[in-house]
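Output the structure for:
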Amino acid sequence: MSGALHDLSAAAQLRALRAGEVSSRELTRHYLDRIEKLDDELGAFATVTPELATAEATHADARIAAGEWSPLLGLPIGIKDLYATAGVRTTFGCAALAEFVPPADAWTAGLLRKAGAVLVGKTNTAEFGATCFTDNDVAGRATVTPYDPTRYASGSSGGAAAAVAAGLLPLAQAGDGAGSTRTPAATCHLVGVKPSRGLVTSAEPTTSLISTTAEGPIARTVEDAALLLDVMAQPAPGDPYGWRPDGRFADAIAVAPRPLRIAMWTETGVDGRDAHPEAVHAVQRAGKLLQELGHELHQVAIPARCAEPVASALRTMFAYAVNAVVSAAVPADREHLLLPYTRLLHTAGRALRGSDVVRSQTVLARYASTFLAALHGYDVALTPVTSGPPVPLGHFHADGVAGVADAMLAWSAPTPWANLTGQPAVALPSHLDSDGLPFGVQIVGRRQHDAELLALATQLEHAGLWNDVHPPCWSQ
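Numbers count the residues shown, from 1 in each chain. Model prediction:
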């Protein structure tokens, strides 16, 4: 087999495993070696599990030799540290929970492990998933994009994205409550999928309020994302939003979509915050390519702006959710170990009245309804993922802890509306700018039309929306 093992896509690695061209032990050892060599600079992992991974890989090899097969058998994977893994430390990005070892897997983590994936570690995350950057006191360092280690890999799934982009994992599980899969994908030149509400049962601790979070894959190709999503798309019994697709996503992406009506905008939705010229260029370039592929493109104004009432409602709901999780999970005598921004949210959440929460939910429901009404008659929306490139370390704290929320919204405003509407959304790589920084685009489909959206993403990939480029550390 020519080239390095991590040069192969996840789908190609699975084919090689099944054909006996590589063993799971060999593949797992390759990734563990790369993690040991490169992760000190990237901060992609909160916990690495070499002994467990070696044991699971050995077991996978024995199953393959016996003629058994399951969808992810023998493939190394990382699970975001917001999701419980039986017998493996799960910290939720919080130093107060640095020694917590859950007795059982979260729902999706269990599905991945039952499908034969080899757990090499827990990818780093923001504390309780509350920020669009990944920096906590568990890992002791920020997670950076391998394209520029002085800049964040975004969050809260920053560790997952940094690991896949640097070739420390073939693909990874992530979670998206307001853009937390898509913005890390954009900063790391990857595919990031937020499925329709209910396709994947999520257990992220910040999602119990308005069901905005959806777990999904981060990968280098749409094919890789689809094969992981096929395993994850098995809603738990009792999930009030749960639904099942017709057929497999891996099959659906092999068929070109019908001609689609696509609404396109380049606005961020935040007053006074225009999208970076390269972000605008990425959307316009993708729009031109879609037209060449036979789709009908309409340039429209953003349906609703993220003005102060919406921004305030988002802050309220994050404060309510974080307070609920901290109150349930962190002993009072360990609250001093919380990060300053988490403490700010916890304090704000404790002061909320029921009427504050209901009022905020109403504002956000109206905001979501405006998007759904405006997009009626369109199959897809095409937008930026972020307002600009990956941001320098410390950027979000430039105005102190009280300014973090506004700084995050100014950068990530193009993404939360799709969480509120429950629509599927996919971040796709576009290009690197003259400084080598990644830019991406977002496509958002109709609810429960995830297969159509992934087929469109595949069509864009095959038509050359992005090139198979890698960060400098890829060849190390």
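
For residue 272, which three-state class applies?
Under DSSP: H, G, I helix; E, B strand; the rest coil, residue 272 falls in the coil class.

low-scoring stretches of the stretch 1-150 of the chain, by residue?
Residues of the stretch 1-150 of the chain meeting the criterion pLDDT under 70: 1-2.

all strands for it, in order.
45-48, 76-80, 118-123, 144-145, 148-152 (DSSP state E, counting those that start in this stretch).

now for the longest one, which elements pack on it?
Other elements packing on strand 118-123 under the criterion 3 or more C-beta pairs under 8 Å, 6 or more residues apart in numbering; DSSP states H and E are helix 24-42, strand 45-48, helix 50-65, strand 76-80, helix 158-165. The C-beta positions use only the backbone N, C-alpha and C, and glycine is treated the same way.

and what of the shortest one?
For strand 144-145, the packing partners by 3+ C-beta pairs under 8 Å, 6+ apart come out as strand 148-152, helix 158-165.

how does it look with 10 Å?
helix 24-42, strand 148-152, helix 158-165, helix 182-187 (3 or more C-beta pairs under 10 Å, 6 or more residues apart in numbering; DSSP states H and E).

can I get the ones you listed in JSON lines with distance to residue 63 and mean neighbour count?
As requested, these are exported to JSON lines (distance: least, C-beta to C-beta, whole Å; neighbours: other C-beta atoms under 10 Å):
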{"stretch": "helix 24-42", "distance to residue 63": "9", "mean neighbour count": "19"}
{"stretch": "strand 148-152", "distance to residue 63": "38", "mean neighbour count": "19"}
{"stretch": "helix 158-165", "distance to residue 63": "25", "mean neighbour count": "34"}
{"stretch": "helix 182-187", "distance to residue 63": "31", "mean neighbour count": "35"}
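
could these be laid out in JSON lines, adding distance to residue 328?
As requested, those are exported to JSON lines (distance: least, C-beta to C-beta, whole Å):
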{"stretch": "helix 24-42", "distance to residue 328": "31"}
{"stretch": "strand 148-152", "distance to residue 328": "28"}
{"stretch": "helix 158-165", "distance to residue 328": "24"}
{"stretch": "helix 182-187", "distance to residue 328": "26"}
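
Tell me which of those lies nearest to residue 399.
With respect to residue 399, and counting by C-beta to C-beta, the nearest of the helices and strands packed on strand 144-145 is strand 148-152 at 16.4 Å.

Centre of the chain to the closest one, how far?
In terms of C-alpha atoms, centre = their mean, to the nearest Å, the centre of strand 148-152 is found 18 Å from the chain centre.

With stretch 404-423 instead?
13 Å.

Show me which positions of that stretch end up buried.
Neighbour counts over stretch 404-423 (16 or more other C-beta atoms under 10 Å) mark 404-405, 407-423 as buried.

From start to finish, how long is it in a straight line?
Stretch 404-423 stretches 27 Å from its first residue to its last (C-alpha to C-alpha, to the nearest Å).

pLDDT of that stretch, averaged?
Stretch 404-423 carries an average pLDDT of 97.

Where helices are concerned, which of the buried residues of stretch 404-423 count?
Among those, DSSP state H puts 404-405, 407-412, 416-421 in helices.

Greatest separation within the residues you listed: which pair is it?
The distance between the two most remote of these (C-beta to C-beta) is 25.2 Å, for 404 and 421.

which intervals of the stretch 201-350 of the chain have sub-threshold pLDDT?
Using pLDDT under 70, the stretch 201-350 of the chain drops low at 204-210.

Please enumerate the helices of it.
For the stretch 201-350 of the chain, the helices defined by DSSP state H, counting those that start in this stretch cover 222-232, 249-252, 277-292, 308-329, 340-350.

And the residue nearest the centre of the chain?
When C-alpha atoms, centre = their mean is applied to the chain, the residue found nearest the centroid is residue 181 (1.6 Å).

That one is in contact with residue 415, isn't it?
Yes: with contacts counted by C-beta atoms under 10 Å, residue 181 reaches residue 415, the gap being 9.2 Å.

Quick check: neighbours shared by the two?
192, 194, 425, 427 (C-beta atoms under 10 Å, 6 or more residues apart in numbering).

Sort out for me which of these are in helices.
Applying DSSP H to the shared contacts of residue 181 and residue 415, no entry is found in helices.

Just the buried ones among these, please.
Burial by neighbour count, 16+ other C-beta under 10 Å: within those this picks out 192, 194, 425, 427.

Looking at those, spot the one nearest residue 447.
Set against residue 447, the nearest of those by C-beta to C-beta is residue 425 (10.9 Å).

check contacts around that closest one.
176, 179, 181-182, 192-196, 214, 216, 381, 383, 385, 414-415, 417-419, 442-445, 450, 453.

ditto for residue 241
With C-beta under 10 Å, 6+ apart, residue 241 has these contacts: 196-202, 211, 214, 235, 422.
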